[in-house]
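Novice: Structure of the sequence below:
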Amino acid sequence: VAADEGIMPQTVEAINHARAAGVPIIVAINKIDKSTARPDRVRRQLSEQDLVTEEMGGEVISAALSAVTKEGLDHLLEMILLQAEMMELKADPDGPASGVVIEAKLTADRGPVATILVKSGTLKRGDSLICDIYPGKIKAMFNDLAQAEKEAGPSTPVEIMGLTGVPDAGSTFRVVVNEAQAREIGERLQDEQQAKSWDDSRRLRLEDFFKQIASNQISELPLILKGDVQGSVEAVSMSLNEIASGNKDVSLKIIHSAVGAISESDIMLASASRAVIIGFQLPLSGKIKRMAELEGVDIRSYRVIYEAVDDIRKALEGMLEPEQREIILGEARVKELFKISKLGMIAGCVVESGTIKRSARIRVMRDGEEIIMDTISTLKRFKEKVTEVTSGKECGIGLNNFHDFQEGDLLVSFEIEKIARKL
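Specialist: Next up is the predicted model:
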């Protein structure tokens with residue numbers, strides 16, 4: 001953060017990205033060499049974003065520095081090492097290397113080139129590896145000064161050559177036994193990716209909520225909100241937040257909101273946090289549409305606030321567990337008992353009220369207390385199987401898991417009705 005300019009929209013965006021990724025934040029307050037620098041103002045602005053620095057009595061580490069004069073750089077490095085020590089970040093330099101791809105590109109003279117960060121083990125020139133879905137053998141490694149390296153240990157970033165394709169940023173790599181194994185794994189991974197052109201589990205569309213709700217996968221709807229002017233953003237934000245306020249079962253979380261067109265950065269944030277993007281009074285370029293489709297991000301565009309509110313309300317209501325209400329269908333009194341070899345004990349009953357249904361549940365009551373709740377295995381009237389028996393008629397009832405009937409038991413037939421809840 002520039003000490004003379006303070007918090008900017010891109011700062012807020014970076015904070016939201018870090019929060020979505022669940023990683024700790026260290027704030028570097030740069031340009032303190034300028035006469036207009038006001039680092040204290042920056043710290044106050046950070047507090048408004050719920051980032052309270054240690055100087056303000058919080059826990060967020062900050063370091064004031066100047067990239068021009070180099071003042072404070074050593075302190076920043078010390079703070080980074082301190083954070084790593086507090087997080088107990090350790091790695092074993094022995095063994096085959098593995099790590100993550102920072103960025104990658106296709107060059108005309110060197111072919112696929114990837115900048116990678118070793119997380120464990122030691123990477124050596126000549127190692128065979130699988131990087132993302134691409135096999136390769138390291139032909140050359142270079143450090144940040146473009147100097148050739150023979151090996152790279154944990155926490156070391158290097159640029160490598162020798163891959164057969166351009167890996168995605170954020171993908172992983174690992175060293176394998178030999179080139180043959182790398183090719184075998186690469187072919188399998190590429191076949192899997194081709195067969196499954198897109199991993200639907202990363203998509204989060206409003207229409208998908210009901211499926212995920214049914215399996216109890218989600219109870220919070222993350223949103224990214226973009227609008228044409230600040231007034232629109234605030235109005236939409238307030239309206240959306242009012243929907244789920246006071247409801248403890250589901251919630252709505254606006255992880256980022258800003259004025260301006262939906263950007264590539266918004267798409268990447270939505271993809272990382274599995275959020276839906278709400279655009280208000282904004283045009284959508286073809287490039288952004290294609291990127292959203294590629295990343296599996298759902299963008300909803302609106303011109304009227306109540307339409308956005310109505311869509312989100314429906315999604316949240318679908319996230320609520322339905323209320324269950326018991327409906328008594330009928331009652332039958334046990335008059336005598338019959339033991340049938342293939343069916344077990346059958347209760348000879350008279351329906352005293354309502355209807356006894358074959359598909360309903362049964363609660364066995366004895367002296368006013370519940371003995372068991374079960375389902376019907378057999379419902380007969382005389383010798384015929386029936387689906388229901390009405391009041392005043394006799395019938396035989398057998399249960400799936402209970403056979404210890406006694407004369408005088410009351411069998412209560414009931415159903416459970418699920419009622420959709422409203423916000």
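Novice: Measure how buried Lys137 is and give me the count.
Specialist: Residues within reach of Lys137, counting by other Cβ atoms under 10 Å, total 17. C-beta: built from backbone N, CA, C; applies to glycine.
Novice: Pairing partners for it in the sheet, please.
Specialist: According to DSSP bridges, the residues that bridge with Lys137 are Ser128.
Novice: And Val351, by the same measure?
Specialist: Ala332.
Novice: What pLDDT does the model give it?
Specialist: For Val351, the model assigns a pLDDT of 96.
Novice: Surely it is in contact with Glu388?
Specialist: No - counting by Cβ atoms under 8 Å, Val351 stays clear of Glu388, with 9.5 Å between them.
Novice: In terms of neighbours, single out the busier of the two.
Specialist: Between Val351 and Glu388, counted using other Cβ under 10 Å, the more crowded position is Val351 (22 against 19).
Novice: neighbours of Asp168, just the number please.
Specialist: Other residues near Asp168 come to 14 when the count uses other Cβ under 10 Å.
Novice: ah, wrong one, I meant Leu65
Specialist: Leu65: 23 surrounding residues under other Cβ under 10 Å.
Novice: how far away is it from Ile25?
Specialist: Computed as Cβ to Cβ, to the nearest Å, the Leu65 to Ile25 distance reads 16 Å.
Novice: repeat for Asp40
Specialist: Using Cβ to Cβ, one gets 19 Å for the distance from Asp40 to Ile25.
Novice: Those two - which one has more neighbours?
Specialist: It is Ile25, of Asp40 and Ile25, that has more neighbours when counted by other Cβ under 10 Å, with 16 against 13.
Novice: Look up the closest residue to the more buried one, ignoring the ones flanking it.
Specialist: Spatial nearest neighbour of Ile25, chain neighbours left out: Ala18 (5.1 Å); criterion: Cβ to Cβ, 6 or more residues apart in numbering.
Novice: same question for the helix or strand hosting the one you found, mean pLDDT?
Specialist: Ala18 is located in helix 9-21, with elements delineated by DSSP states H and E. Predicted confidence along helix 9-21 averages 86 (mean pLDDT).
Novice: same deal with stretch 315-326?
Specialist: Mean pLDDT, computed over stretch 315-326, is 67.
Novice: For stretch 356-372, buried residues please.
Specialist: Of the residues in stretch 356-372, those buried under the neighbour-count criterion (16 or more other Cβ atoms under 10 Å) are 356-358, 360-365, 371.
Novice: Any chance of TSV for those, columns distance to Ala270 and pLDDT?
Specialist: Output for these, formatted as TSV (distance: Cβ to Cβ, whole Å; pLDDT from 0 to 100):
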residue	distance to Ala270	pLDDT
Ile356	53	96
Lys357	48	94
Arg358	50	94
Ala360	46	94
Arg361	44	94
Ile362	50	95
Arg363	49	94
Val364	53	95
Met365	55	95
Ile371	54	92
